[in-house]
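> Dropping a prediction and its sequence here:
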Amino acid sequence: MSDQTSVIFKGRILFLTEDLDLLRQQLDGQDLAWNEGLSLIDNISTDEITPGWVCFYYDETLGEYTYVGLRGKQVERNDIRSGGFEVIVSGKSKGCGSSRETAPYSEKAAGIRLVIAKNIEKIYGQNSQNIGLLTSTDFGLIPRILAGEAIPLSEFTDGQDPISVAIIEAGGLFEYSKRRMAGQVSPPAITTGPRPMTLVEKVIAQHTVVDLANDETGVSSVEPGDALFVRAGVRFSHEYVTPMGASLFRAALGKEARVSEPESVYAFRDHLTFLGEVMPENQLRMGLLDRANGLADTQVEFTEEQGIRLFGEVAEGGSEAICHNAVLDELVTPGDVVVGTDSHTCTAGAVGAFAFGVGSTDMANGWYTRDFRVKVPQSVRFNLHGEVPPDCSAKDVMLQVMATEYIREGKAIGQVLEFGGSGVTSMNLDERATLTNMAVEAGAFTGIIEVDQRAIDELAAMRGVRSEDIGGTILQADADAEYVAVFDIDLTALRPMVATPGDPRNGIEIERIDEKIEVDIAYGGSCTGGKRTDMDLYAQVLGQAVAQGRQVAENVDLYIQFGSQDIRRYAEDRGYIDLFRKAGARLVNPSCGACIKAGPGVSLNDSQVTISAINRNFPGRSGPGDVYLGSPLVVAASALAGYIIEPRELEGILNQAH
């Protein structure tokens, strides 16, 4: 498609309809007439396009399994590839969730050339551009395509920033990068004059690449819409993605190519370490465990070849650390740029860093150039006032934020969530990290919080250094900075929340639920719920029960998983390990685990219900059962009660029983 001026789509159009019978009819060969009243599926996550086990492949095989995880289970192997489809149409928030590039790659490998949806999520959209998969939010294209019209390529570049236009016209990122490295193309110079800037704009301005050849960075000002490249101080990947990135890196640059400045590049074996404990029998028969373990082997080979630090497995099982916990606790400095092959890279925004996730192609390109393309985003400001009530936590704050109309309608897609106010300064660093970690669940580009002395002191304590040795740059938003929207939230009125199954934006106060929701699994862990403060919160609730000789409810399995070995040692030093075991919890070493259906704590059938401290509950993500999201306090309280409950209600139950 490189350098074409127009595109003709001769294949079929697949409408991803809420009516599963209509969907199946299309897959069986019947074309569906287009009408604007057609009900299309919203919020199709990358987990549904390529479920976790499909991501063990990173070649054309992905095209065989496109959409096999789609809700309703109507799509079977090779349905998309053999159906002759070239265009796929769906509703709001297409490609939400994980940053896995396998999702658009799978669609392209199945023959799809164009994705149309009401909203295109930021990372998914960029990954699509990188591999030459066209996207659009213009439903007016559908009748023109059906009429056989040649669609000008400009229809897909209108409204895009100049770098994205050049990448689309080149047919993908690597082709563009080859031209850029050869001096044939270059991003436009930043000419934005002095202006008040948001926090993220200041970080971007400081790290903007001005001259790639001479390694010159930094401009005085940027504004939303500016297209540029930023120099990253931390680049990282994990075993799900490193092999695909390595393959792309070598294919584009040659077998002898070397990663630039490998001392700022990191790799993690943190996603699939417990996969063998939960992989279904049919997947074992397919040889998928060997393939998954092969990803880790390929990562070891690549990191050793390139001199990259690998956070690997530990002898007793599990990982040294989940990437996001390690990046925040050990690697990031305030005001830095952090880029990782995971959507929750935004966690590092808790210390004023510009941190965001990318796909395999972006990372492979960035291993060489050290920079990543960015269209300066707009920012949304959330002013948090007061302090979080004792029976709530930052998780409840985010579930409330994401339940707002602004977020649910997809208005925050591609924007930055900037958090400030007395409610933020009253939180410790772990709780702030929950806010930034879950910004991506709102469809946001990233989340960010100004650094204060408290955050620096906590970083220093974790790293065993003096506060003045943390380094980095402390930046603050200008008082008159421009935000696309500003929201004020009174934290004193906050009540314990859950997100009902299917989407983390389905937040509701527990007290408003008018039925008793019994749970089978309570899961405390992941990068969101496995931090030091989360351990404190689990212990706070479980300690009350153990003191009265109580344990987890008979029919509930409680899992507590640590975000890193350092966090496990923190829990051990405070006596939590013994406490958790007395309460009846199963302790799990660091790994993404059940959060991605790859470790202890997954549901085994669709009748099981989970209350979980993880960050997302898209269909099938943690197994076939329903997943409710809640705070560590709610997870622990519900594990003891046997049903979803507010923490303050538990105290009454314990006192009554005692």
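Here it is on my side, so go on. Being a predicted model, the structure only gives us computed values, none of them experimental.

> any low-confidence regions in the stretch 351-500 of the chain?
Applying pLDDT under 70 to the stretch 351-500 of the chain picks out no residues at all.

> hey, where'd the helices end up in it?
If DSSP state H, counting those that start in this stretch is used as the criterion, the helices of the stretch 351-500 of the chain fall at 360-369, 394-402, 405-408, 422-425, 429-437, 453-463.

> same for the fifth one, what does it pack against?
Helix 429-437 makes packing contacts with helix 394-402, strand 416-420, strand 446-449, helix 453-463, helix 526-529, helix 532-547 when contacts are defined by 3 or more C-beta pairs under 8 Å, 6 or more residues apart in numbering; DSSP states H and E. Just so you know, the C-beta spots here come from the backbone N, C-alpha and C atoms, and that holds for glycine as well.

> try the last one
Contact analysis of helix 453-463 by 3+ C-beta pairs under 8 Å, 6+ apart lists helix 429-437 as its packing neighbours.

> just to revisit the earlier point, which of the helices and strands packed on helix 429-437 sits closest to D626?
Closest to D626 of the helices and strands packed on helix 429-437, according to C-beta to C-beta: helix 394-402, at 16.2 Å.

> With distance to Q206 and mean neighbour count added, can I get the helices of the stretch 351-500 of the chain in a markdown table?
Output for those, formatted as a markdown table (distance: least, C-beta to C-beta, whole Å; neighbours: other C-beta atoms under 10 Å):
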| stretch | distance to Q206 | mean neighbour count |
| --- | --- | --- |
| helix 360-369 | 18 | 25 |
| helix 394-402 | 28 | 27 |
| helix 405-408 | 29 | 17 |
| helix 422-425 | 22 | 19 |
| helix 429-437 | 19 | 27 |
| helix 453-463 | 18 | 16 |
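
> Output those helices in TSV; the columns should cover distance to T61.
Formatted as TSV, the helices of the stretch 351-500 of the chain follow (distance: least, C-beta to C-beta, whole Å):
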stretch	distance to T61
helix 360-369	15
helix 394-402	35
helix 405-408	36
helix 422-425	45
helix 429-437	32
helix 453-463	42
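
> Looking at those, spot the one closest to D578.
Nearest of the helices of the stretch 351-500 of the chain to D578, taken as C-beta to C-beta: helix 429-437 at 22.0 Å.

> Could you tell me the angle between that closest one and helix 394-402?
Put simply, helix 429-437 runs at 20 degrees to helix 394-402, going by axes from the mean of the first three to the mean of the last three C-alpha atoms, to 10 degrees.

> could I get helix 429-437 in CSV with only the CA atoms?
Output of helix 429-437 as CSV, limited to C-alpha atoms (Å, rounded to 0.1, in the frame of the first residue of the first chain):
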residue,chain,number,x,y,z
LEU,A,429,3.1,7.2,46.4
ASP,A,430,1.5,3.8,46.1
GLU,A,431,-2.0,5.3,46.1
ARG,A,432,-1.0,7.9,43.5
ALA,A,433,0.3,5.1,41.4
THR,A,434,-3.1,3.5,41.4
LEU,A,435,-4.5,6.7,39.9
THR,A,436,-1.9,6.8,37.1
ASN,A,437,-1.9,3.0,36.5
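
> Tell me what angle that helix forms with helix 532-547.
120 degrees.

> Now do helix 429-437 against helix 453-463, angle only.
Using the same axes, to 10 degrees: helix 429-437 against helix 453-463 is 100 degrees.

> okay, now the domains of this structure?
Annotated domains of the chain cover 6-170, 375-493, 498-657 [automatic domain parsing].

> among those, which is nearest E281?
domain 498-657 (11.7 Å).

> what's near enough to touch T61?
Going by C-beta atoms under 8 Å, 6 or more residues apart in numbering, T61 touches A109.

> now the domains of the chain as JSON lines including distance to P196?
Formatted as JSON lines, the domains of the chain follow (distance: least, C-beta to C-beta, whole Å):
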{"stretch": "domain 6-170", "distance to P196": "22"}
{"stretch": "domain 375-493", "distance to P196": "4"}
{"stretch": "domain 498-657", "distance to P196": "31"}
